[in-house]
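K.L.:
predicted structure and sequence below. I'll ask about it afterward.
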Amino acid sequence: MTRPPTAAPTGGDTDTRPSSCPVTGAGAAAELPTFPFAAGPTVEPPPEYPALHALPRPGRVRLRNGREALVVTRWADVRLVLSDRRFSRSAYTSGPLFARSADSLPLITTDAPVHTRRRATVAPPFTAHQVGRLRPMVVELARRQLAEYVAGGRPADVVGRFTVPFTLRVMCRIMAVPEEDMPRFGPWVDVLMSIDKFPAEQVERCQREMQEYFAALVDTVRDRLDRGEEVTGLIARMLTPTREDRRLSRTEAVVLSAGMLMAGYETTSNVLAAVLHQILRRPELVGRILADPAEADPIIEETLRYVCANGSGGVPHVALTDVTLSDGSVVAAGEVVVPVPDAANRDPLVFDRPDQLDPDRVDNPHIAFGYGAHHCLGAELARLELRVGVTTLLTELPGLRIAVDEADLRWRVDMYVRGLWELPLTWDDPDG
């Protein structure tokens, strides 16, 4: 039976309680529930999330690396932790809550001004305006992938044969990564984005091999630039900043390149599969999109809120000073705090009927893409890929439907991005 989290004491006394049990001051610290919480075979929230919402103050947990932390689940408090500079990501030195090391996450685990400089160098192609110019390319790649998907016959796994190669091709095109190298990335990424699934030696080997690949690619691009050649793509942009104060070191360019490719396709491909799964389970949503493809936008936004896709729960922060939360409780300086966006997206104080997927919500301020300075850099690109992917499949494949029983689906329960390993679909013969 799952042990519910326990509310943390208020005030600044959190650093002075006996180390044996930070909750009660007695007993074994091992009694604290472990975070991230165990994921069930769906993208529903763990039962601990609503239990945390019911507590008068943030819950106290033990992270899988052994450190204690507060978990913040209220929408207002999650936004506060994600956006307020009194909370630091770089001050948390115990590593992320999944396999990759902190030094392989140059945007996720850093604060201003380092984070600001790195992000400013790679951000321009991902503005709403620039992403809008990418639409023809994204549509072209979706149609190309659809042709390959259909050619393989029915039923067909939409994850392995559409969502992954489609989103990976988009990122390869944006970054000017050779498309013929696509098969190399999956084995690396599956290991690096896992949670307690692979031995440390395998994680280290995959991280080393992926960084060696991108080091060679960065060096090739730099050599071409030095010879005066015109080179396109995100890696070339990293190496030729418009401002000297945004210049990246070789190491930064290598690590950012690997991270951008990984985040740019692995997250979106799994969320696209999860969105398709939710839509195809609800024929009325399929009908709305077929009648008006513009209906895909609110349906996708609501599904982003509804689906709990973050297997690590959240990114640990450290309070740099005492901070008061919305409930009046005080996070003491030095306290580790984990904001949980998936739980915030089910906060009943903000979302009416939070556990119901309702595409007609008038106001939907979800934070599936994060918030503040670390708001997902590729959010607009992801939205475009989700919209194009969903509408292409539904409009081109009549009668598209899930080809297996729900009980037969395999869920990614030990990965940074939760979702489905496979989603077999079938469709009707277009000739009737």
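P.N.:
Noted; the coordinates are in hand. Source: prediction; values computed, not measured.
K.L.:
can you map out the helices along the stretch 101-250 of the chain?
P.N.:
Using DSSP state H, counting those that start in this stretch, the helices of the stretch 101-250 of the chain run over 114-122, 128-133, 135-151, 158, 164-175, 182-192, 200-226, 234-239, 250-280.
K.L.:
what comes up buried for the helix or strand following the last one?
P.N.:
Looking back up the chat, that one is helix 250-280. Next helix or strand after helix 250-280 toward the C-terminus (DSSP states H and E): helix 283-291. Residues of helix 283-291 classed as buried: L285, V286, R288, I289 (neighbour count, 16 or more other C-beta atoms under 10 Å). All C-beta spots, glycine's among them, are computed from the backbone N, C-alpha and C.
K.L.:
okay, now the unreliable bits of the stretch 151-300 of the chain?
P.N.:
241-245 (pLDDT under 70).
K.L.:
ok so, going back, same list, the helices of the stretch 101-250 of the chain, but as a markdown table with distance to N364 and mean neighbour count please.
P.N.:
Rendered in a markdown table, the data for those read as follows (distance: least, C-beta to C-beta, whole Å; neighbours: other C-beta atoms under 10 Å):
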| stretch | distance to N364 | mean neighbour count |
| --- | --- | --- |
| helix 114-122 | 26 | 18 |
| helix 128-133 | 18 | 12 |
| helix 135-151 | 23 | 16 |
| helix 158 | 26 | 27 |
| helix 164-175 | 23 | 24 |
| helix 182-192 | 30 | 17 |
| helix 200-226 | 36 | 16 |
| helix 234-239 | 30 | 22 |
| helix 250-280 | 15 | 23 |
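K.L.:
tell me, what residue is most central in this structure?
P.N.:
For the chain, T267 is the residue whose C-alpha lies nearest the centre (C-alpha atoms, centre = their mean; 5.1 Å).
K.L.:
got a list of what that residue touches?
P.N.:
T267 is in contact with A309, A382, V417, counting by C-beta atoms under 8 Å, 6 or more residues apart in numbering.
K.L.:
let's see 7 Å
P.N.:
V417 (C-beta atoms under 7 Å, 6 or more residues apart in numbering).
K.L.:
can you check V323 too?
P.N.:
R86, V331 are the contacts of V323 under C-beta under 7 Å, 6+ apart.
K.L.:
and it, backbone torsions?
P.N.:
Main-chain dihedrals, V323, degrees, to the nearest 10: phi -130, psi 130.
K.L.:
and it, what are its bridge partners?
P.N.:
V331 (DSSP bridges).
K.L.:
distance of I289 from L357?
P.N.:
I289 is 14 Å from L357, where distance means C-beta to C-beta, to the nearest Å.
K.L.:
er, L32 actually
P.N.:
32 Å.
K.L.:
more neighbours: which of the two?
P.N.:
L32 (21 against 17; other C-beta atoms under 10 Å).
K.L.:
before we move on, back to that, closest one to G372 among the helices of the stretch 101-250 of the chain?
P.N.:
helix 114-122 (10.8 Å; C-beta to C-beta).
K.L.:
may I have that closest one exported as PDB, CA atoms only?
P.N.:
Taking C-alpha atoms only, helix 114-122 is exported to PDB below (Å, rounded to 0.1, in the frame of the first residue of the first chain):
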ATOM      1  CA  VAL A 114      24.800  31.200 -17.400                       C
ATOM      2  CA  HIS A 115      21.400  29.800 -18.400                       C
ATOM      3  CA  THR A 116      20.500  33.200 -19.900                       C
ATOM      4  CA  ARG A 117      23.500  33.300 -22.100                       C
ATOM      5  CA  ARG A 118      23.200  29.700 -23.300                       C
ATOM      6  CA  ARG A 119      19.500  29.900 -24.000                       C
ATOM      7  CA  ALA A 120      19.800  33.200 -25.900                       C
ATOM      8  CA  THR A 121      22.200  31.600 -28.300                       C
ATOM      9  CA  VAL A 122      19.900  28.800 -29.300                       C
END
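K.L.:
that helix: how far from the chain's middle?
P.N.:
A distance of 19 Å separates the centroid of the chain from that of helix 114-122, by C-alpha atoms, centre = their mean, to the nearest Å.
K.L.:
and the angle from that helix to helix 164-175?
P.N.:
90 degrees (axes from the mean of the first three to the mean of the last three C-alpha atoms, to 10 degrees).
K.L.:
helix 114-122 packs against which elements?
P.N.:
helix 234-239, helix 250-280 (3 or more C-beta pairs under 7 Å, 6 or more residues apart in numbering; DSSP states H and E).
K.L.:
nearest to V390, out of the ones you listed?
P.N.:
Smallest distance to V390 across these (C-beta to C-beta): 6.3 Å, for helix 250-280.
K.L.:
relative orientation of the closest one and helix 114-122 in degrees?
P.N.:
80 degrees.
K.L.:
pull the distance from helix 250-280 to the chain's centre.
P.N.:
7 Å.
K.L.:
compute the inter-axis angle for it and helix 283-291.
P.N.:
Using the same axes, to 10 degrees: helix 250-280 against helix 283-291 is 110 degrees.
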